[in-house]
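> A predicted structure for the sequence below; I have some questions about it.
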Number of protein chains: 2
Amino acid sequence: MKHIAESTVRRLSLYLRFLEEFEARGHTTISSDELAARGGTTSAQVRKDLSFFGSFGKRGLGYSVPELTGRLREILGLQKEWRVIIIGAGKIGAALAQYEGFRQRGFHVAAVFDSDPAKVGQTLDGVVVRSIAELERVTTREHPDIAVITVPAHAAQRVADQVIAAGVRAIMNFAPLRLQVPESVALKTVNMALELEGLSFALSNGRDAELRDSNS
Amino acid sequence: MKHIAESTVRRLSLYLRFLEEFEARGHTTISSDELAARGGTTSAQVRKDLSFFGSFGKRGLGYSVPELTGRLREILGLQKEWRVIIIGAGKIGAALAQYEGFRQRGFHVAAVFDSDPAKVGQTLDGVVVRSIAELERVTTREHPDIAVITVPAHAAQRVADQVIAAGVRAIMNFAPLRLQVPESVALKTVNMALELEGLSFALSNGRDAELRDSNS
DNA sequence: GCTAACTTGTGAATCAATTCACAAGACAGC
DNA sequence: GCTGTCTTGTGAATTGATTCACAAGTTAGC
C-alpha cells in the first residue's frame, strides 16, 4: 500500500462519524458531495481519500451507507476491541479513564496504573487503579494494544520504555516531551499548551494567522 | 504578512520550549542545527520558519538564546497574560482548570462555568465554579480572550454562540462536533477519539501507516 | 432501447510545504 | 589583515497534498 497521509486518516474518522449519523437517520445511500458538505471539505477530497483503499461507490448513485460504514471501520481497524491501559491516574488520566467517547468507539480501558499509594486501590469508572509496580507483570500477561501515558514529563520516557518492552505497539502521550520510540511503535502526542499557543498566535496576528481547524 | 502555516506555528512553540531549556542550562547562543536536532526537524526548516518573521541570527554564530526566546514570545503573543474561561466543569474541564502547563505559559483561568447546580460553588484550584446563567454577564464584564468549551456536544454550539456574542475571539473546543464560528474567531478542536483512531489505523496497517508525530 | 441527469474514480494541474544548495557575513587564529 | 571555518538567510528545486475536470458507469423516465 502507498503511504497514507495523516490528514487522510483524520478525515476518514470524520467520515465514519458522519456516516453513523446518516445511518441513524435512516439514509441508505450518500454521495461524496453530501459527505463533503457535512465535513467541510470537497467531494473530490472525499473520493480521493477513499480511492486509496478501493472503490466503494456506484457511479450515478453514490455510496451505500452501511457498506461504507463497514469499510471505514475495517480500514481504521475498529472492528476489534482494542485494549487500552492508562499510566498515570492524575486529573487527565482519570478524565480519560471515564471518557465515554473511547468506549463507544471500541477502546476498552483494561487497566489504570499510578505510582501514588494513595491512588492505588481507588476505582475509576469500574477500573481499579493498580500500582505502577504491577505494570510490567500485567502488561506482559494481558498484552494491551495501546498505552496512554499521563504521567509527569520526567517519568514519561521510563514508562514508555517499560510498555514497549512488554510489547505495546502504540502510545498516546500527554506528557509535554518528545518520546523516543522505535519505528515499529506508533506514537501520538497531545500537547494542550501547544494548542493554546496556536490560539494565542491567531489572536495576536489577526486574520493573517487564519487557522484551519481540521479536527472536527 | 504572508499566510503562516499551522505547522510552522506549532514548531515555533516547540522551539520556544527548547530555547527555555537551553537558557536554563546557561547556553547563550544556539544554532539552527542544534534547535533542529532537539526538535526532530532540519536546520533549513528552523531557519525557514523563523524567516517568515524576520532575521534574528548572526551568520557564523547562530542565535542569541535570550533574544530569540523574546522574539518567539512576541510572535506567539505570549507577552501578555491571556484570560481563559472554561465552560463545563466535568472531568475534562476540571482537569484543564488545574493543569499547570497553562498557568506556566501565561494562560490565566479566570472563571469556570457549569450548568449542574451540584457543581456550582465548588472550587477548582482556587477558581469557584459559577452557574452557566452568569456566563453572559461575566463574559461581557471581564472580556476573557479564550473560551475552552468542555460541555457535551449537544450544548456546545449554544455555548459558542454565547461567548462569541460576548466578544470572545478564540475558542478551544473539546466537544466532538464542528462548531460554526465567524471567520474572525479562531477555533481549535481537540478530539481524543480521532487521535486514538489514528493509532488504531497505524496498528492495523503496519508500517505503511507510519505516522509522523509532530506535536512534541 | 434511448435520453437526460447524476455521480464515481482518477490522471493532470495546481497549490503548499519542505529540502537543497550556496552566496554572504561573522569570527578565531595567526 | 588574511585564511579557514562556521552558520545564516533565501531563491530554486523537490516533494507532497489538494483541486480540477472529465470519461465512464448507473439509474429513471418515457
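Ah, there it is.

> can we go C-alpha only for contacts and neighbour counts from here?
Will do.

> Distance of the residue lying farthest from the centre of chain A relative to residue A:34?
The C-alpha centroid of chain A is most remote from residue A:60, which lies 34.0 Å away (Cα atoms, centre = their mean). Taking Cα to Cα, to the nearest Å as the measure, residue A:60 falls 14 Å from residue A:34.

> Any figure for the gap between the residue farthest from the centre of chain A and residue A:28?
15 Å.

> cool, residue A:155 as well?
Taken as Cα to Cα, the span from residue A:155 to residue A:28 is 50 Å.

> Tell me the secondary structure at the residue farthest from the centre of chain A.
coil (DSSP: H, G, I helix; E, B strand; the rest coil).

> where does chain A dip in pLDDT?
Within chain A, the stretches with pLDDT under 70 are A:1, A:207-212.

> So which residues on it come close to DNA strand D?
By the rule Cα under 7 Å from any atom of the strand, the part of chain A lying against DNA strand D is A:4-8, A:41-42, A:44-45, A:48, A:58-61.

> Tell me which of these fall in strands.
residue A:58 (DSSP state E).

> And the residues of chain A next to DNA strand D, which two are furthest apart?
Longest distance between any two of the residues of chain A next to DNA strand D is 29.7 Å, between A:6 and A:60; criterion Cα to Cα.

> For residue A:143, list the residues it contacts.
Taking Cα atoms under 8 Å, 6 or more residues apart in numbering or on different chains as the contact definition, residue A:143 lies against A:166, A:167, A:168.

> And residue A:198, by the same measure?
B:6, B:9, B:10, B:76.

> could you say which helix or strand contains it?
Using DSSP states H and E, residue A:198 sits in helix A:192-205.

> Output that helix as CSV - backbone C-alpha positions only.
What follows is helix A:192-205, C-alpha atoms only, in CSV (Å, rounded to 0.1, in the frame of the first residue of the first chain):
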residue,chain,number,x,y,z
MET,A,192,-2.6,21.2,25.2
ALA,A,193,-0.2,24.1,25.7
LEU,A,194,0.7,23.9,22.0
GLU,A,195,-2.9,24.2,21.0
LEU,A,196,-3.5,27.2,23.3
GLU,A,197,-0.4,28.8,21.9
GLY,A,198,-1.8,28.4,18.4
LEU,A,199,-4.8,30.4,19.6
SER,A,200,-2.6,33.0,21.2
PHE,A,201,-0.8,33.4,17.9
ALA,A,202,-4.0,33.7,16.0
LEU,A,203,-5.3,36.4,18.4
SER,A,204,-2.0,38.3,18.1
ASN,A,205,-1.7,38.1,14.4
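
> Whether it contacts DNA strand C - can you check?
No. Judged by Cα under 7 Å from any atom of the strand, helix A:192-205 and DNA strand C are separated, with a smallest distance of 14.3 Å.

> try stretch A:21-35
Yes. Part of stretch A:21-35 sits near DNA strand C under the criterion Cα under 7 Å from any atom of the strand, namely A:30, A:31, A:32, A:33.

> packing partners for the lengthiest strand in chain A?
For chain A, the longest strand by residue count, based on DSSP E, is strand A:107-114. For strand A:107-114, the packing partners by 3 or more Cα pairs under 8 Å, 6 or more residues apart in numbering or on different chains; DSSP states H and E come out as strand A:82-87, strand A:127-131.

> Pull out the buried residues from stretch A:91-102.
Across stretch A:91-102, burial judged by 16 or more other Cα atoms under 10 Å in any protein chain shown covers A:91, A:92, A:93, A:94, A:95, A:96, A:97, A:98, A:99, A:102.

> Okay, and which of these map to helices?
A:91, A:92, A:93, A:94, A:95, A:96, A:97, A:102 (DSSP state H).

> how about residue A:158, secondary structure?
Taking three-state DSSP, the label given to residue A:158 is helix.

> Tell me the buried residues within the contacts of residue A:143.
A:166, A:167, A:168.

> And the residues you listed, which is closest to residue A:150?
residue A:168 (15.8 Å).

> Can you verify the closest one is assigned to a strand?
No. Looking at residue A:168 with three-state DSSP, it is coil, so not inside a strand.

> State which helix of chain A is the longest.
Max-length helix for chain A by DSSP H is helix A:6-24.

> And chain B, is that helix touching that?
Yes. Using Cα under 8 Å from any Cα of the partner chain, helix A:6-24 reaches chain B at A:6, A:9, A:10, A:13, A:14.

> rewinding a little: so which of the buried ones among the contacts of residue A:143 would you say is closest to DNA strand D?
residue A:168 (26.0 Å; Cα to the nearest atom of the strand).

> Look up the closest residue to the closest one, ignoring the ones flanking it.
residue A:145 (5.5 Å; Cα to Cα, 6 or more residues apart in numbering or on different chains).

> Next, count neighbours for the one you found.
Per other Cα atoms under 10 Å in any protein chain shown, the neighbour tally for residue A:145 reads 21.

> can I assume it is in contact with residue A:172?
No. The criterion here is Cα atoms under 8 Å, and residue A:145 misses it with residue A:172 at 11.1 Å.

> Quick one: distance of stretch A:151-167 to the chain centre.
Mean-position distance between stretch A:151-167 and its chain equals 19 Å (Cα atoms, centre = their mean, to the nearest Å).

> And stretch A:28-36, by the same measure?
The answer for stretch A:28-36 is 24 Å, by Cα atoms, centre = their mean.

> Need the residues that contact it.
With Cα under 8 Å, 6+ apart, stretch A:28-36 has contacts from A:15, A:18-19, A:22, A:42-47, A:61-66.

> Which of those has the largest number of neighbours?
Neighbour tally across the contacts of stretch A:28-36 (other Cα under 10 Å): the maximum, 25 neighbours, falls on residue A:19.

> contacting residues around that one?
Applying Cα under 8 Å, 6+ apart, the residues contacting residue A:19 are A:35, A:65, A:68, A:69.

> and what of residue A:170?
A:145, A:146, A:147, A:185, A:186, A:187, B:199, B:203.

> which of the residues you listed lies closest to DNA strand C?
residue A:187 (17.8 Å).

> Correct me if wrong, but that closest one is in a strand.
Yes. Counting by three-state DSSP, residue A:187 is part of a strand.
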